[in-house]
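In: Got a sequence here, can you build the structure:
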Amino acid sequence: MLAGVMAGFEGFFGVAGLVIVTPGQDTALVVRNSLAWGRRGGVFTALGVVAGQATWTLATGAGVSALLLASRPAFTAVRYVGAAYLVWLGAGSLVRALARPHREARVAGRSPAFAAPAAFREGLMSALGNPKLAAFFVSLLPQFVPRGGAALPILLGLGLVFCSMTLAWLIGYSFAVGRARRTLERSVLRRALEGALGATLIALGLRVATQRRSALKGRWLSVKCSRRAADDGAKAGRGAAHSRGRRPARSTRGRR
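Out: From the prediction side, this is the model:
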């Protein structure tokens, strides 16, 4: 039992790490808010993203995420809301990038008391409106739960590990962009980067809007099949090695 749980966690670390380090809408949003509000804005954005991921984890444990994926209208509604929110954030970045310098300075100079809740809210809404997270938690997490084990605690534990890894990665982004923020204080360079991030968020929003439910599920199911094939190959290899190590039984026929 314990060996099965540890084996599941080992495989999960590799898959989760690959998913987390792949740049996406959460990374773009953390970079955007770190550039606008410094490290504080990036950290609170990361906390909002992780709060959204924790919500998806609890929803998966309760079976809500599976119902969402099974219901086309509900999935479409979440997809369109998340896409519209990303496009709205990206449009706001483009407006600031094209605004006059005195207006840009006024927006960037907002107090930390404003930055923290706004950044947290943006990260939370981005994660909750991301249908890929629902497909990830429903299609991928259960395969790392060993048979015969307590499924719900292990599933919640895997979700907690994923949230912790995401938080560490995004906070690292926040500190890196926060340190480079002083170098990017020049108006032209900063506005160019703001515009690029705005265009990226809009493109990601349009991609979410056009993403099909079957494509999302098929993506993680292909990962599941690859992992199952690897596990079967490993079991076959261990079985062959065990067979070679066994001595053939001596026949006792004809003996008296």
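
In: in the helix or strand where I154 lies, what's buried?
Out: Using DSSP states H and E, I154 falls within helix 151-180. Using 16 or more other Cβ atoms under 10 Å as the test for burial, helix 151-180 gives 154-159, 162-163, 165-167, 169-171, 173-174, 177-178. Quick note: C-beta positions are derived from backbone N, CA and C, even for glycine.

In: Against which helices or strands is that helix packed?
Out: helix 2-21, helix 25-62 (3 or more Cβ pairs under 8 Å, 6 or more residues apart in numbering; DSSP states H and E).

In: And the contacts of the host helix or strand of E122?
Out: E122 is part of helix 112-128, with elements assigned from DSSP H and E. If you take Cβ atoms under 8 Å, 6 or more residues apart in numbering as the criterion, helix 112-128 is touched by 25-26, 29-30, 33, 36-38, 40-53, 55-56, 82, 85-86, 89, 133.

In: quick one: buried residues of it?
Out: 115-116, 118-120, 122-128.

In: Out of the residues you listed, flag the one nearest to V208.
Out: S126 (10.1 Å; Cβ to Cβ).

In: Residue ranges in the stretch 101-250 of the chain under the pLDDT threshold?
Out: Scanning the stretch 101-250 of the chain for pLDDT under 70 picks out 101-114, 146-150, 184-187, 212-250.

In: 80 instead, please
Out: Within the stretch 101-250 of the chain, the ranges that satisfy pLDDT under 80 run 101-115, 131, 134, 138-152, 181-191, 211-250.

In: List only buried entries from the contacts of helix 112-128.
Out: Among those, the ones that count as buried by 16+ other Cβ under 10 Å are 25-26, 29-30, 33, 36-38, 40-53, 55-56, 82, 85-86, 89, 133.

In: relative to helix 25-62, how tilted is the helix or strand just after the helix holding E122?
Out: Downstream of helix 112-128, the first helix or strand assigned by DSSP H and E is helix 131-139. Counting by axes from the mean of the first three to the mean of the last three Cα atoms, to 10 degrees, helix 131-139 lies at 40 degrees to helix 25-62.

In: and the closest residue to A151 other than its chain neighbours, what does it touch?
Out: Spatially, and ignoring its direct neighbours in sequence, A151 is nearest to V145 (5.1 Å; Cβ to Cβ, 6 or more residues apart in numbering). Residues near V145 by Cβ under 8 Å, 6+ apart: 8, 151, 154-155, 158.

In: after the helix holding I154 comes which helix or strand?
Out: Next in sequence after helix 151-180, counting helices and strands by DSSP H and E, comes helix 187-210.

In: Give the buried residues for that next one.
Out: Under the neighbour-count criterion of 16+ other Cβ under 10 Å, helix 187-210 has 190-191, 193-202, 204-205, 208 buried.

In: Can you tell me which of those residues comes closest to V95?
Out: Closest to V95, out of all of the buried residues of helix 187-210 and judged by Cβ to Cβ, is G198, at 8.0 Å.

In: hmm, back to that, need the helices and strands packed on helix 151-180 in CSV with mean pLDDT, can you?
Out: What follows is these, written out as CSV (pLDDT from 0 to 100):
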stretch, mean pLDDT
helix 2-21, 71
helix 25-62, 91
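
In: Compare these and give me the one nearest R182.
Out: Taking Cβ to Cβ as the criterion, helix 25-62 is the member of the helices and strands packed on helix 151-180 that comes nearest to R182, at 9.7 Å.

In: Direction-wise, compare the closest one with helix 151-180 and give the angle.
Out: Relative orientation of helix 25-62 versus helix 151-180 (the same axes, to 10 degrees): 170 degrees.

In: Would you indicate which residues of the very next helix or strand once past helix 25-62 are buried?
Out: Next helix or strand after helix 25-62 toward the C-terminus (DSSP H and E): helix 64-70. Going by neighbour count (16+ other Cβ under 10 Å), the buried part of helix 64-70 is 64-66, 68-69.

In: With just CA atoms, put helix 64-70 into PDB.
Out: Provided in PDB are the C-alpha atoms of helix 64-70 (Å, rounded to 0.1, in the frame of the first residue of the first chain):
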ATOM      1  CA  VAL A  64     -18.100  18.500  -9.300                       C
ATOM      2  CA  SER A  65     -15.300  18.700 -11.900                       C
ATOM      3  CA  ALA A  66     -16.400  15.500 -13.500                       C
ATOM      4  CA  LEU A  67     -19.900  16.700 -13.800                       C
ATOM      5  CA  LEU A  68     -18.700  19.900 -15.300                       C
ATOM      6  CA  LEU A  69     -16.700  18.100 -18.000                       C
ATOM      7  CA  ALA A  70     -19.700  15.800 -18.700                       C
END
